[in-house]
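Novice: sequence first, then the predicted structure, then my questions.
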Amino acid sequence: MPISDPSGGRSSPNGFSAVNTSRRTLGQLIRLAVCGLLLAVIFHAIFCNEAQIDLLAQGKPEAWNAMGRWEQRQYAWTHSPAKLLEMVRRLDSGSLGLAFGLCGALIFLGGLRWREALRVQGLELPLGEVTRLSFVAHFFNAFLLGSTGGDVWKAYAAARSTHHKKAEAALTVFVDRLIGILSLLVFAVIFAVPNWPLFVRFRRYDGVGLAIFGMMVVAMVCAGAGFFTDILSEDGRLSRWMGRFPQMKAPLRALASCRLFGRNPGFLWRSALLSIAINLAIVGTFAALASGLGLQIPRWNLWFVVPAVVCLAALPITPSGLGVRENLFVVLLAVDFPGFGVKPAEALSLSLLGYTLNLAWSAIGGLVYLTVRKYIPPES
C-alpha cells in the first residue's frame with residue numbers, strides 16, 4: 001500500500017511546497033555527507049591501525065614509517081579489509097542464530113508495548129496487525145534516512161486505522177518511543193555504576209555518561225509533565241496559546257490525553273516489564289555476537305555501552321546512526337584496561353554485525369509490507 005502525500009500532491013502557488021522539498025532534500029544530503037565522513041574516518045583509522053599491527057607481526061615495525069602517506073593509505077585499504085572479513089568469519093552459527101532471534105524478538109516485544117499504549121486511548125488493534133505495523137516500521141527505520149522514520153510511518157498508519165481518534169492513535173507511537181528511550185537511558189545510568197573505574201580513567205566515558213544522563217533527565221521531565229501533571233490539559237495555558245493556530249483542535253485533544261497514561265498504573269507496570277525484556281534482547285544480541293567472535297569484553301560493560309550507544313545513535317545526526325554507532329563502539333570498547341582485550345577492528349566488527357542483523361530484520365519488514373494485506377478497521 002503506497003503512502004499518499006498528506007497534502008494530496010498539491011503545491012502552493014507561492015512555491016512554499018517546492019522550497020520545503022528542496023530544504024528537506026538538502027538536509028538529507030548533508031546528513032548523508034556527515035554519515036559518509038564519519039564512516040570514512042573510523043574505517044581509515046582502524047585500517048591503518050590494523051596495518052601497523054600486521055607489519056609488527058611480520059617483524060617489520062619500521063616499514064610503516066618508511067612509507068609515504070599515499071603508500072600507507074594504499075597498504076591499509078588493501079590488506080586490512082581482508083583481516084576484518086577473516087575476523088567476521090570466526091563467528092559461529094549458534095551465536096549468530098541466537099543474536100538473530102533476539103534481534104527479531106525485540107521488534108515483537110516493542111509491538112506488544114505499543115499495543116498497551118493504544119489500549120489506554122481506547123483503541124484495540126489485533127495482535128497480528130500490531131506486529132505487522134511494528135515490522136514494517138522497522139523497515140522504514142532503516143530505509144527512511146533516520147532512526148525515527150519508521151515512527152512517523154507507524155503514526156500515519158495508526159491514524160488510518162481508526163475513524164474517530166486519529167490524533168490519539170498517532171500520539172501512542174511517540175509515547176511508546178519516549179518510554180523505550182527512557183528505559184534504555186535508565187539502564188545505561190544504572191550500569192554506569194559498575195563501570196565507574198572506566199569513567200575515572202577515560203574522559204571519553206565521562207562525555208558519554210554526561211550525554212546519557214542529560215538525555216535521561218529531559219526524557220523524565222517530558223514523561224512526568226505529560227503523564228502526571230495538567231500542563232497539557234485542554235484548558236491549560238499552553239493549550240490556550242497553541243489554540244490560536246488553525247487546525248490544532250485534534251492535536252491539543254491528543255496532548256491532553258497524555259494524562260491518561262499516568263492515571264493507568266497497569267499500563268506503566270506492563271510497559272516497564274516489556275521494556276526490561278526489550279533491553280535484555282538488545283544487550284543479549286550484542287553479547288551473543290561478542291561471545292561468538294571470542295571478544296574479551298566484561299558483560300557488565302556491555303550493559304552500559306550497548307544502551308548508551310543505541311540512545312546516542314538514535315539522535316538525528318546521521319542516517320540510521322551510521323558512523324556515530326561505529327565510532328562509539330570503537331571508542332568505548334577498544335580500551336587499555338584490565339579485563340578488556342578488544343582491538344578497534346573487533347569493536348567495529350561487533351557494531352557492523354549488529355547493524356547487519358538489524359538490516360536483515362528490516363528486509364523482512366519490507367517483505368511484510370509488500371505481501372500482507374492491509375488491515376481494514378471495523379466501522380464505528
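Specialist: Cool, got the structure. All figures in this text were calculated on a predicted structure; none of them were measured in a lab.
Novice: for the stretch 151-300 of the chain, which spans come out with low pLDDT?
Specialist: Low-confidence segments of the stretch 151-300 of the chain, defined by pLDDT under 70: 234, 236, 238-250.
Novice: just the pLDDT for the residue nearest to the spatial centre of the chain.
Specialist: By Cα atoms, centre = their mean, the chain has its centre lying nearest to Ala314, at 4.3 Å. On the pLDDT scale, Ala314 is placed at 84.
Novice: that one reaches Ile181, doesn't it?
Specialist: Yes - taking Cβ atoms under 8 Å as the definition, Ala314 is a contact partner of Ile181 at 6.7 Å. C-beta: built from backbone N, CA, C; applies to glycine.
Novice: quick one: stretch 302-315 to chain centroid distance?
Specialist: 8 Å (Cα atoms, centre = their mean, to the nearest Å).
Novice: that should have said stretch 169-177, apologies.
Specialist: The answer for stretch 169-177 is 16 Å, by Cα atoms, centre = their mean.
Novice: hmm, who's touching it?
Specialist: 110, 113-114, 117-118, 120-121, 123, 148, 151, 154-156, 158-159, 161-162, 226, 254-255, 257-258, 261 (Cβ atoms under 8 Å, 6 or more residues apart in numbering).
Novice: and this structure, what are its domains?
Specialist: Using automatic domain parsing, the domain parsing of the chain gives 16-88, 93-371.
Novice: winner for burial among these?
Specialist: domain 93-371 (a mean of 18; mean count of other Cβ atoms under 10 Å).
Novice: tell me how far the ends of that domain are from each other?
Specialist: 29 Å (Cα to Cα, to the nearest Å).
Novice: do stretch 315-329 as well
Specialist: 16 Å.
Novice: cool, stretch 290-307 as well?
Specialist: By Cα to Cα, one end of stretch 290-307 lies 15 Å from the other end.
Novice: same question for stretch 313-326.
Specialist: End-to-end for stretch 313-326, by Cα to Cα: 9 Å.
Novice: over to stretch 109-128?
Specialist: Terminal-residue distance, stretch 109-128 (Cα to Cα): 13 Å.
Novice: what lies in contact with it?
Specialist: Contacts of stretch 109-128 (Cβ under 8 Å, 6+ apart): 130-131, 133-135, 154, 158, 161-162, 165, 168-169, 171-173, 175-176, 179-180, 257, 260-261, 264, 267, 270-271, 274-275, 277-278, 281, 375.
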